[in-house]
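J.: take this sequence and fold it.
(one chain, ligands or ions: 1)
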Amino acid sequence: MKRLVSGIQPSGSITLGNYLGAIKQFIALQEELTDTEFFIFIADLHAITVTQDKTQLRKSIRSLAAIYLACGLDPEKVNLFVQSEVIEHNQLGYIMESTVYVPELERMTQYKDKKLKQQAGIKSNLLTYPALMAADILLYDADIVPVGEDQKQHLELTRDLAIRFNSQHGDTFKVPEPLTPKIGGKIMSLQDPHKKMSKSDENPKGVIFLLDDLNVIKNKIKSAVTDSDTRIVYDVENKPGISNLLSIYSIITGQSISEIEKTYANSNYAEFKANLAEKLVEYIRPIQERYQTLLASPELDLVLDKGRDNARHIAYRKIQKVYKRLGLGRIK
Ligand code: TYM
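T.: Alright, predicted model coming up:
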């Protein structure tokens, strides 16, 4: 059996970018890859690279679990769990810190961007974060890691660390492959299409949250920044605003970009945006309805318990092997 691993941070609410770049891939792949075991988690340890309010974090963890299921993750096919409940992530994370070098971590684009925003000081785990992410993946000998474009650099580093560890200590880890979607790997801000859509956008109109009020979603799409001429054509370089909206339209309807361009050849931006707003809201409505039911259901904890137990089983054996390779502890 092959293995697929991926995670999302429960810091704040889940965005349309998270959904289109990551969750939608998980759902599609669980049907396609019948020879693959799935490990999808809530990356709560990653959330504490910045200070979190404990009540809010707890709520966000539960909320993300319900979102995964509401979007269609099938608990019969997927092991869904909370990262901090599988202690081996921390154990291997520390070992990965002894495998990676500081300049490799300092080179990470996300670190360089995020450190500029830390007014209250940069925590050391903001820097070492990719070592923990490598551990998340290597712990399960993942073959495939579906992520958005912004995580590809961390995946490259994970591959380097796996290869380095294997060559220094003997074959231990599988070298994973990233998988990014053809369209939707980088959904851009609706207010600044040169910037990635991100939870932490200072302008809330730039980002759609899956749990936003449906009227708010409509208004965000309708007020999205578009480009200077009026043609509805896909051209990321010269027309990033409309290209971003075309990508969203294409993913949620399953129509190709060229089909959509044809449909709207004689329309203006306002008509196109009004139609997209309608389609997106109808797409998100059932997710929000299922979310409300799931959040209140005891099923959620049962799913997370089962996922945690299955993950632990594999993770424990892997850590034993790694400790042995490194000469840690006593041989039993
Ligand atoms: P996070 O929580 O920032 O994002 C979760 C997933 O959503 C994707 N994503 C996007 N995709 C398209 N357009 C966007 N605007 C957009 N914004 C976010 C991300 O690429 C990601 O796939 N470090 C990770 C979580 C993580 C992880 C892992 C992922 C921890 N350990 C192991 C895979 C494997 C993160 O912070 O993602």
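J.: helices of the protein, start to end?
T.: Under the criterion DSSP state H, the chain contains helices at 16-18, 24-32, 44-47, 54-71, 88-97, 102-106, 109-116, 124-138, 152-169, 214-222, 240-253, 257-263, 269-295, 299-326.
J.: which residue is the nearest non-sequential neighbour of the residue in the chain that the ligand sits nearest to?
T.: As assessed by C-beta to the nearest ligand atom, the ligand sits closest to G21 within the chain, at 1.9 Å. Bear in mind the C-beta positions are built from the backbone N, C-alpha and C, glycine included. In this structure, G21 finds its nearest non-sequential neighbour in G148, 2.9 Å apart by C-beta to C-beta, 6 or more residues apart in numbering.
J.: ok, now which ones touch that neighbour?
T.: By C-beta atoms under 8 Å, 6 or more residues apart in numbering, G148 lies in contact with G17, N18, G21, A22, T180, P181, G184, G185, K186, I187.
J.: for Q292, see how far away the residue of the chain closest to the ligand is.
T.: Distance, G21 to Q292, by C-beta to C-beta, to the nearest Å: 24 Å.
J.: the more surrounded of the two?
T.: Legend: neighbour count by other C-beta atoms under 10 Å for G21 and Q292, higher for G21 (26 against 12).
J.: can I assume Q91 is in contact with Q320?
T.: No: in this structure Q91 lies outside contact range of Q320 using C-beta atoms under 8 Å: 10.3 Å.
J.: those two: who's more crowded?
T.: Ranked by neighbour count (other C-beta under 10 Å), Q91 and Q320 place Q91 first, with 19 against 13.
J.: apart from its neighbours in sequence, what residue is nearest that one?
T.: Nearest one to Q91, counting by C-beta to C-beta, 6+ apart, is I319 at 5.2 Å.
J.: now for the one you found, how many residues are close by?
T.: 19.
J.: return the residues in contact with it.
T.: E88, Q91, L92, L139.
J.: ok, the residue nearest to G72 when sequence neighbours are not counted - how many residues close by?
T.: Sequence neighbours aside, I27 is the residue nearest to G72 in space, at 4.4 Å (criterion: C-beta to C-beta, 6+ apart). By other C-beta under 10 Å, 16 other residues sit near I27.
J.: give the bridge partners for the residue nearest to the spatial centre of the chain, please.
T.: Geometric centre of the chain, nearest residue: I8, 4.3 Å, by C-alpha atoms, centre = their mean. Taking DSSP bridges, one obtains I42 as the residues bridged to I8.
J.: distance check, it against F26.
T.: Distance, I8 to F26, using C-beta to C-beta: 10 Å.
J.: pull up the overlap in contacts between the two.
T.: Residues touching both I8 and F26 by C-beta under 8 Å, 6+ apart: none at all.
J.: contacting residues around the residue nearest to the centre of the chain?
T.: By C-beta under 8 Å, 6+ apart, the residues touching I8 are I14, N18, A22, I23, I42, A43, L64.
J.: was I right to think the third one contacts V145?
T.: The reference is to A22. No: contact criterion C-beta under 8 Å: A22 and V145 do not qualify, at 10.2 Å.
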